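this one's structure only:
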């Protein structure tokens, strides 16, 4: 979805240089995601130490060894889960970096010719698509992290699972906060730029007009800026940090 949106909808509108930057961003994102897998201290404490390297000192590996004794869970299952989470991280980071490149070009200030209603609507649509895609990727990344971090506790005896589960929840909340911070940092300049240029478009179209006339121009051309737009942007940026606690609450309501 991120590839289709980035290279099929948004970046071609800003030229070949934008498409090239997007391609570099995807490659860099995969590299960042893979490196993170090997440098994640929270993962070592609640799950496994390194992808593809079983270590009985790590909670998930130890839990699998114990559960495997009664045939509940095997090392082969763990390796499959490791593979899925390993590449999920790489792909999700690549998608977010691609959306960050899109935000970079969306935030570029508009020339006077680009302050017409049609180009402004297009940038606003691009902004909405990029926000939705980045927010969705990050929310699902938090959900995947939550499930992976809680695997160890789910295979442990209740008496010993509490500490691991608590640390897993804290780790998930940490990553949710980090993801929300990333989204705020990369998306806020684009949001401000688009909203500012919409205001500039009204001033260019109706110089010296009143605020009410500018607002009527916004509505007439599908460019109205309402409170719900700002609230929607804020909620999208905060959804990653809220995902972990929401999943913990749902988990606490499930019997057993």
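Perfect, I can see it now. Note that the structure is a prediction, hence the values are computed from the model and not measured.

in whatever helix or strand residue 139 lives in, what's buried?
Residue 139 is part of helix 117-149, with elements assigned from DSSP states H and E. Residues 117, 119-120, 123-124, 126-127, 129-131, 133-139, 141-149 are the ones in helix 117-149 that count as buried (16 or more other Cβ atoms under 10 Å). From N, CA and C alone the C-beta is placed, and that goes for glycine too.

Report the rounded mean pLDDT for that helix.
Mean pLDDT, helix 117-149: 91.

Any stretches of this protein with poor pLDDT?
49-56, 67-73, 75, 159-160, 227, 255-256 (pLDDT under 70).

50 instead?
Residues of the chain meeting the criterion pLDDT under 50: none.

all helices for it, in order.
Using DSSP state H, the helices assigned to the chain run over residues 2-5, 16-37, 41-46, 59-68, 75-106, 117-149, 151-154, 158-205, 211-220, 227-253.

still on that earlier bit, got the angle for the helix holding residue 139 vs helix 75-106?
Interaxial angle, helix 117-149 versus helix 75-106 (axes from the mean of the first three to the mean of the last three Cα atoms, to 10 degrees): 160 degrees.

quick one: the residue lying farthest from the centre of the chain and residue 221, what's the gap?
The outermost residue of the chain relative to its centre, with distances by Cα atoms, centre = their mean, is residue 208 at 41.5 Å. Distance from residue 208 to residue 221, counting by Cβ to Cβ, to the nearest Å: 19 Å.

Residue 248 too?
Relative to residue 221, residue 248 is positioned 44 Å away (criterion: Cβ to Cβ).

What is the burial count for the closest residue to residue 135 other than its chain neighbours?
The shortest distance from residue 135 to any residue other than its chain neighbours is 4.4 Å, reached at residue 236 (Cβ to Cβ, 6 or more residues apart in numbering). By other Cβ atoms under 10 Å, 21 other residues sit near residue 236.

repeat for residue 191
Count around residue 191 with other Cβ under 10 Å applied: 21.

Spit out the contact partners of the nearest residue to it once chain neighbours are set aside.
Spatial nearest neighbour of residue 191, excluding adjacent residues (Cβ to Cβ, 6+ apart): residue 233 at 5.7 Å. The contact partners of residue 233, taken as Cβ atoms under 8 Å, 6 or more residues apart in numbering, are 131, 187, 191.
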